[in-house]
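J.: Below is the structure, and that's it, no one-letter string:
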């Protein structure tokens, strides 16, 4: 592992030591504990070939999660595909916020996840709310195949369904919780993103339109204007936002008829989630 680490550090790869560990464990099919117990175990010809291929991809700039084809979120494993974002720790703030807003996780709640991608947010919520049922919506049918596989792998496949659609178009409620981590990057900014994001994340999951707010407008229109019953009377909408979008999204929510608007910061202190409740009908 020291050789792999040295190669990544030499090329200035961020998180080199951690990436090296992940790639070595994957190439050898070992757990961290197994590697710690036998750090000098022979890698073997096949293992060396797998590690060489993985290192070549990482040195070319491909994120380690894409190489592994899976990543962890909320302590759960998630398969990835070309049509899904890599789950990021910041998005756990969205899950935490939704859970914090529930008076009783034991109720038979209905949860809606708009732009579900890998299904990580919905599945994390279902893992905490044992009697809840959830629906994940995404424009990409391929992403929904991945989300469905992740739901089954994490033991919640019988408590959720996935729908190919644009936001809330074909749905009726009421839902107790609606969550979304939508595309929120302004179109003109995408070419300036880091290569690990720009070249490897699906543009459909990044591009939020000219001002980055298109998805929020569609979501709020679907809830407030399209079908006022989509959100339960005491329900809440929680959306992840970009670092400079809290005020704009909060204003959109108020104009859509939400009386209660709250901005939540992540562990780094950045404004990360806008929570909306008290929808006037």
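T.: Good, I have the coordinates. This is a predicted model, so every value here is computed, not measured. Numbering: from 1, shown residues only.

J.: contacts, neighbours, all on C-alpha from now
T.: Will do.

J.: Could you list the low-confidence segments of the stretch 1-150 of the chain?
T.: 1-17, 38-42 (pLDDT under 70).

J.: what ranges do the strands span in it?
T.: Assigned by DSSP state E, counting those that start in this stretch, the strands in the stretch 1-150 of the chain fall at 70-73, 76-79, 110-114, 133-138.

J.: who wins for proximity to residue 245 among these?
T.: Nearest to residue 245 among those is strand 110-114 (18.4 Å), distances taken as Cα to Cα.

J.: what angle separates the closest one from strand 133-138?
T.: Interaxial angle, strand 110-114 versus strand 133-138 (axes from the mean of the first three to the mean of the last three Cα atoms, to 10 degrees): 10 degrees.

J.: For the residue sitting nearest the centre point of the chain, give me its contacts.
T.: Compute the mean C-alpha point of the chain, and by Cα atoms, centre = their mean the closest residue is residue 87, 4.1 Å away. Taking Cα atoms under 8 Å, 6 or more residues apart in numbering, we find residue 87 in contact with 71-73, 118, 120.

J.: Test for you: state the pLDDT assigned to the nearest residue to residue 252 once chain neighbours are set aside.
T.: Of all residues not flanking residue 252 in the chain, residue 217 sits nearest, at 7.2 Å (Cα to Cα, 6 or more residues apart in numbering). As predicted, residue 217 sits at a pLDDT of 97.

J.: distance of residue 217 from residue 223?
T.: 10 Å (Cα to Cα, to the nearest Å).

J.: Need phi/psi at the residue nearest to the centre of the chain.
T.: Dihedral pair for residue 87: phi -60, psi 130, per degrees, to the nearest 10.

J.: So it versus residue 117, what's the distance?
T.: Counting by Cα to Cα, the gap from residue 87 to residue 117 is 9 Å.

J.: Residue 136 now?
T.: According to Cα to Cα, residue 136 and residue 117 sit 8 Å apart.

J.: Which one's more surrounded, those two?
T.: Counted by other Cα atoms under 10 Å, residue 136 and residue 117 do not tie: residue 117 has more neighbours, with 31 against 28.

J.: hang on, the more buried one packs against residue 84?
T.: Yes - using Cα atoms under 8 Å, residue 117 is in contact with residue 84, at 5.0 Å.
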